[in-house]
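Trainee: with the input below, show me the fold.
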Amino acid sequence: MSAEKQTKRLVIEPINISGTDIAECMNIYNHYVRETNFTLEYDPLTLDGYTARVNGVLGAGYPFVVARTDDGSVAGFAYLSEFNPRIGYRFTADLSVYVKHDARHAGIGAALLSHIEALATDMGLRNIISIITSENIASTEFHKRHGFLHEGTLREVAVKFGRTLDVSYYRKPLTDTAGKAL
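Mentor: Numbering: from 1, shown residues only. Next up is the predicted model:
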């Protein structure tokens with residue numbers, strides 16, 4: 001980790017929908033759309049499209065937070081969303097965490113994850129799920145380091161950039177079997 005990355009102070013806070021946060025998050029995300037198989041979207045999102053995504057998350061009562069550096073810019077973001085619309089899944093949410101590609105491995109993802117987990121627990125959620133493509137080894141290792149359990153892999157179910165991909169499900173239990181927060 002570089003000295004510059006170590007000295008930056010990070011503030012995690014709710015996304016500011018009236019400022020530049022949505023555009024900054026969109027730019028972070030669109031890098032992964034264009035350059036990687038980490039997300040299975042093919043086309044970069046427009047500002048209107050990404051604004052609708054953020055508003056959908058917030059409108060459904062889920063948190064969307066950003067990691068802001070000393071200069072006020074967004075270095076990463078995390079949000080929860082509905083895992084499945086059926087009522088029986090109401091205590092489980094889908095997790096998304098993205099960090100600026102040139103700021104990875106500086107602890108930003110871990111800070112975002114810790115913050116979003118606390119919010120999830122406060123919401124009464126029992127599990128968070130991450131769905132990770134087979135080529136995203138860094139994300140797989142990140143999730144394992146932070147207590148996510150590999151729950152299964154769907155073989156050859158996705159295609160991007162002409163490559164067939166497996167998709168794995170990782171789950172982080174937020175409560176023990178008696179329903180108490182971990």
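
Trainee: verify the stated contact: residue 33 with residue 40.
Mentor: No - counting by C-beta atoms under 8 Å, residue 33 does not reach residue 40; the two are 9.1 Å apart. For glycine as for every other residue, the C-beta is placed from the backbone atoms N, C-alpha and C.

Trainee: for stretch 31-40, buried residues please.
Mentor: The neighbour-count check on stretch 31-40 (16 or more other C-beta atoms under 10 Å) flags 31-33, 37-39 as buried.

Trainee: which residue ranges of the chain form helices?
Mentor: Using DSSP state H, the helices of the chain run over residues 3-7, 21-35, 47-59, 108-122, 137-145.

Trainee: mind putting these into a markdown table with mean pLDDT and distance to residue 158?
Mentor: Putting the helices of the chain into a markdown table (pLDDT from 0 to 100; distance: least, C-beta to C-beta, whole Å) gives the following:
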| stretch | mean pLDDT | distance to residue 158 |
| --- | --- | --- |
| helix 3-7 | 40 | 32 |
| helix 21-35 | 97 | 14 |
| helix 47-59 | 97 | 20 |
| helix 108-122 | 97 | 22 |
| helix 137-145 | 96 | 15 |
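
Trainee: for residue 73, which of these is the nearest?
Mentor: helix 21-35 (6.6 Å; C-beta to C-beta).

Trainee: which elements pack onto that closest one?
Mentor: If you count contacts as 3 or more C-beta pairs under 8 Å, 6 or more residues apart in numbering; DSSP states H and E, helix 21-35 packs onto helix 47-59, strand 64-68, strand 74-82, strand 92-99.

Trainee: circling back: max pairwise distance over the buried residues of stretch 31-40: which two?
Mentor: Pairwise across those, and taking C-beta to C-beta, the largest span is found between 31 and 37, at 12.9 Å.

Trainee: tell me which of the helices and strands packed on helix 21-35 lies nearest to residue 112.
Mentor: Nearest to residue 112, of all the helices and strands packed on helix 21-35, is strand 74-82, at 4.0 Å by C-beta to C-beta.

Trainee: may I have that closest one as CSV, with CA atoms only?
Mentor: Below are the C-alpha coordinates for strand 74-82, written out as CSV (Å, rounded to 0.1, in the frame of the first residue of the first chain):
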residue,chain,number,x,y,z
VAL,A,74,-15.9,9.3,-3.8
ALA,A,75,-13.4,6.5,-3.6
GLY,A,76,-16.0,3.7,-3.4
PHE,A,77,-19.5,2.8,-2.6
ALA,A,78,-21.6,0.0,-1.1
TYR,A,79,-25.3,-0.7,-1.1
LEU,A,80,-27.8,-3.3,-0.2
SER,A,81,-30.8,-4.3,-2.3
GLU,A,82,-33.5,-6.8,-2.5
